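In: Have a look at this prediction, sequence included:
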Amino acid sequence: MSLVVFPFKVEKPEVVVNNIHMAASHERVSEVLCVGVEEEETYAAIAAAAPHVMAETDTPVNLILQDRLGSLRPGKGDGMNTALKYFLEKTDVDRVHFYDSDITSFNQGWITTAEEFADLGYDVVRHYFPRAATDAMITWFITRVGFAVLWPYSELPWIEQPLGGELLLTRKTTENLVADPLVMAQSDWGVDTIYTFRMIQGGAKMFEAYVKEGKAHKLYGRLTDLRTMLVECFAAIQSLKDEKVDGSTLHRVQPPDVVPSAISEKLGYDIEASMSLLTERWTDRQAELLELFPVPIRDGMIANRQRPRFGFMDEAAWFETYCVLLSHFEKDDEDWREIIFKLWIIRVLNYTTTAAARGYAYGMRYLRSMVERYLRQAALGK
Ligand code: GDX
Ligand code: MN
């Protein structure tokens, strides 16, 4: 039997409650745990609905607030880590599942799939989804690139969606995570990166299950939300850069299927709004920090003080940029946060206009082969 966890912040209550109901009705689920941040409206709505779900499904639905466990910004990491501790300390079941609470395409099949692959003996089952060619831009340009550059021989760069919030862990894998001070300290958006990294480094057997209907969820609000996520996901990789990972992990990936046109034709982000951010919020200190980068990158960036420019940020320039960031980026420095945000938007715009503009199939092929080229380049350079 399994515990199902929904971490939540501020979400549409009807969406969360529907997901809770679905999980609680599943025959393999012995308890549903919702982990909130504070007692606001979403929390109150779940508290009001929980007794009804329990009565209808005969499955306990518990609602708790996250503990302050970590040392970084209190965020989703504290929520997930609180749930892992709860799983070990308050239940005796073998498996825990996590699902984002804002998903509108969630169904019981997701739980069944994870359970069945775990039955085969995998320690971790991760769900992965078809995504638009201009979606998942943090995953592609920050996480998968970082994994390729730093650990080219490991399984890490081959993980489809290393930041995905939908996954199953066994008790043994959870014990390893909870015993790990670095994991418990990661209270922010970097938590998914650290979990994925430690699982592979620790030799967990991982299966990635393909969910063909895709993950429909809340659209990004302001781009500044993504900025925090970007900074925290990069900083998580940077904090791991001196770690070693060998190549002996078992990692299998279920092949993908036909991608629904609603996904392949979707635009992942607002191009015009992103371009307009490039000329904003400049400081003279940002220009000074850019001296650390190769001249063409520095000059290309400085040109953005006047008007948006992104032609210079090709694949090779991003490799060099990424290496400078690994050495010099400071996550708590406002100018560095703004620089990495602009660099990343520029790389995303360059990719969008040179590769994604040629269509879904081309864009996806480009992203995959880009990661491969980076890992070969990194391996040769070492
Ligand atoms: N308990 C708790 N505490 N839950 C949180 C917090 C927090 O501080 N912040 C967000 N959440 C919940 C949120 O309500 C949702 O259920 C889930 O975490 C994911 O957040 P969402 O705002 O939907 O983010 P997004 O962009 O859909 O996230 C995806 O990328 C993240 C990442 O790349 O880092 C998703 O796959 C996340 O699981 C992943 O962490
Ligand atoms: Mn979401």
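Out: Here it is on my side, so go on. Ligands and ions are numbered 1, 2, ... in the order given.
In: that's a helix at F207, yeah?
Out: No. The assignment for F207 is strand, going by DSSP: H, G, I helix; E, B strand; the rest coil, so no helix is present there.
In: does it have beta-bridge partners, and which?
Out: V125, R252 (DSSP bridges).
In: Mind listing what's buried along whichever strand or helix holds E338?
Out: For E338, the element it lies in under DSSP states H and E is helix 334-354. Along helix 334-354, the positions that meet the burial threshold by neighbour count (16 or more other CB atoms under 10 Å) are 335-352, 354. Where you see a C-beta, it was placed from the backbone N, CA and C, and this is true even at glycine.
In: Alpha carbons of stretch 65-85, in CSV - could you do that?
Out: Below are the C-alpha coordinates for stretch 65-85, written out as CSV (Å, rounded to 0.1, in the frame of the first residue of the first chain):
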residue,chain,number,x,y,z
LEU,A,65,1.5,22.5,7.3
GLN,A,66,5.1,22.1,6.3
ASP,A,67,7.9,22.2,8.9
ARG,A,68,10.8,24.5,8.6
LEU,A,69,13.4,21.9,7.9
GLY,A,70,15.8,23.6,5.4
SER,A,71,18.1,26.5,5.3
LEU,A,72,17.2,28.1,2.0
ARG,A,73,14.0,30.0,1.0
PRO,A,74,11.1,28.1,2.6
GLY,A,75,9.3,26.6,-0.4
LYS,A,76,8.3,23.4,-2.0
GLY,A,77,11.4,21.6,-0.6
ASP,A,78,10.3,22.1,2.9
GLY,A,79,6.9,20.7,1.8
MET,A,80,8.3,17.6,0.2
ASN,A,81,10.8,16.9,3.0
THR,A,82,8.1,17.3,5.6
ALA,A,83,6.1,14.7,3.7
LEU,A,84,9.1,12.3,3.5
LYS,A,85,9.5,12.5,7.2
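In: Just confirm yes or no for it near ligand 2.
Out: No. Legend: contact between stretch 65-85 and ligand 2 by CB under 5 Å from the ion is lacking; minimum distance shown is 10.4 Å.
In: For the residue of the stretch 1-150 of the chain found nearest ligand 2, give me the pLDDT.
Out: Taking CB to the ion as the measure, the point where the stretch 1-150 of the chain comes nearest ligand 2 is D102, at 4.5 Å. At D102 the predicted local confidence, pLDDT, stands at 96.
In: One more: the one 5 residues further on?
Out: pLDDT, N107: 97.
In: Contacts only, for it.
Out: When the contact criterion is CB atoms under 8 Å, 6 or more residues apart in numbering, the partners of N107 are M22.
In: Now with 10 Å, please.
Out: N107 makes contact with N19, M22, H26, V211, E213, according to CB atoms under 10 Å, 6 or more residues apart in numbering.
In: Adding secondary structure as columns, could you present those residues in CSV?
Out: Formatted as CSV, the contacts of N107 follow (three-state DSSP):
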residue, secondary structure
N19, helix
M22, helix
H26, coil
V211, coil
E213, coil
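In: Just the buried subset of those, please.
Out: Of the members of the contacts of N107, the ones counted as buried by neighbours, 16+ other CB under 10 Å, are N19, M22, H26, V211, E213.
In: Contact partners for the third one?
Out: It refers to H26. Listed by CB under 10 Å, 6+ apart, the contact partners of H26 are 2, 4, 32, 57, 59, 97, 107-112, 115.
In: For it, give me the pLDDT.
Out: Predicted confidence (pLDDT) for H26: 98.
In: The fourth one too?
Out: Residue-level confidence at V211 comes out at 97, pLDDT.
In: So it sits against V125, correct?
Out: No. Counting by CB atoms under 10 Å, V211 does not reach V125; the two are 11.3 Å apart.
In: joint contacts of the two?
Out: Once CB under 10 Å, 6+ apart is applied, the residues that V211 and V125 both contact turn out to be T113, A114, E166, Q254.
In: Now, those residues that are in strands?
Out: Filtering the shared contacts of V211 and V125 for membership in strands, criterion DSSP state E, returns an empty set.
In: Now render these as TSV, adding distance to A361.
Out: TSV is the format used below for these (distance: CB to CB, whole Å):
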residue	distance to A361
T113	26
A114	29
E166	25
Q254	20
